[in-house]
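Participant: Predicted model and sequence follow; I will ask about them next.
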Amino acid sequence: MALVRETGQMPTALQIAERAGYSVRSVFERFPDLTALRIAVTDHAISEARNTGVLRDLDADRLTRIASQVEQRGRGCEHWLPLWRVLTADAVLLVLMSPGAAVGQMLLEIRRNRERIAALV
């Protein structure tokens, strides 16, 4: 995820392997393709977002609760927006380049991820 934040683009298998200190072959021994790796990263990101989305200042006055919520949501958006942009940009490319069955599957996965993220916010 650090590569996505640094470059604003989905990293290549070589970039991922170099950052992890592994060979490209080792990456593909663990993930059958880059799509599987992207899904694993997205699942990890959603898990992290759930863990950081703890309600705060529940006993405070209304303005404090609102300020706390705005600050927390803003921090979450800043943290996850680069990944979201890369995933949705990739989805647009897949829609343009893929046969119908793959397009439907990718759109379904995007919808599920959006629902997961929306439930956290």
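Facilitator: Sure thing, it's come through.
Participant: Please make it C-alpha for all contacts and neighbour counts, starting now.
Facilitator: Will do.
Participant: The helix or strand of the chain with the lowest mean pLDDT packs against which elements?
Facilitator: Taking mean pLDDT, DSSP states H and E as the measure, the chain has helix 100-120 as its least confident helix or strand, at a mean of 72. For helix 100-120, the elements it packs on are helix 34-52, helix 62-97, judged by 3 or more Cα pairs under 8 Å, 6 or more residues apart in numbering; DSSP states H and E.
Participant: List the buried residues of the last one.
Facilitator: The neighbour-count check on helix 62-97 (16 or more other Cα atoms under 10 Å) flags 65, 68-69, 72, 76, 80, 82-84, 86-87, 91 as buried.
Participant: Taking helix 34-52 as reference, get the angle to that helix.
Facilitator: Calculated by axes from the mean of the first three to the mean of the last three Cα atoms, to 10 degrees, helix 62-97 forms an angle of 170 degrees with helix 34-52.
Participant: And helix 62-97, what does it pack against?
Facilitator: Counting by 3+ Cα pairs under 8 Å, 6+ apart, helix 62-97 packs on helix 2-7, helix 100-120.
Participant: in the longest one, what counts as buried?
Facilitator: When neighbours are counted by 16+ other Cα under 10 Å, the buried residues of helix 100-120 are found to be 103, 106-107, 110, 113, 116-117, 120.
Participant: quick revisit: I'd like to know which of the helices and strands packed on helix 100-120 lies nearest to residue 8.
Facilitator: helix 62-97 (6.0 Å; Cα to Cα).
Participant: What's the mean pLDDT across that closest one?
Facilitator: Per-residue pLDDT values over helix 62-97 give a mean of 77.
Participant: before we move on, the earlier item: how about TSV for the helices and strands packed on helix 100-120, with distance to residue 17 added?
Facilitator: Written out in TSV, the entries for those read as follows (distance: least, Cα to Cα, whole Å):
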stretch	distance to residue 17
helix 34-52	12
helix 62-97	18
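Participant: For residue 19, find the nearest of the ones you listed.
Facilitator: Among those, if distance is taken as Cα to Cα, the winner is helix 34-52, at 14.4 Å.
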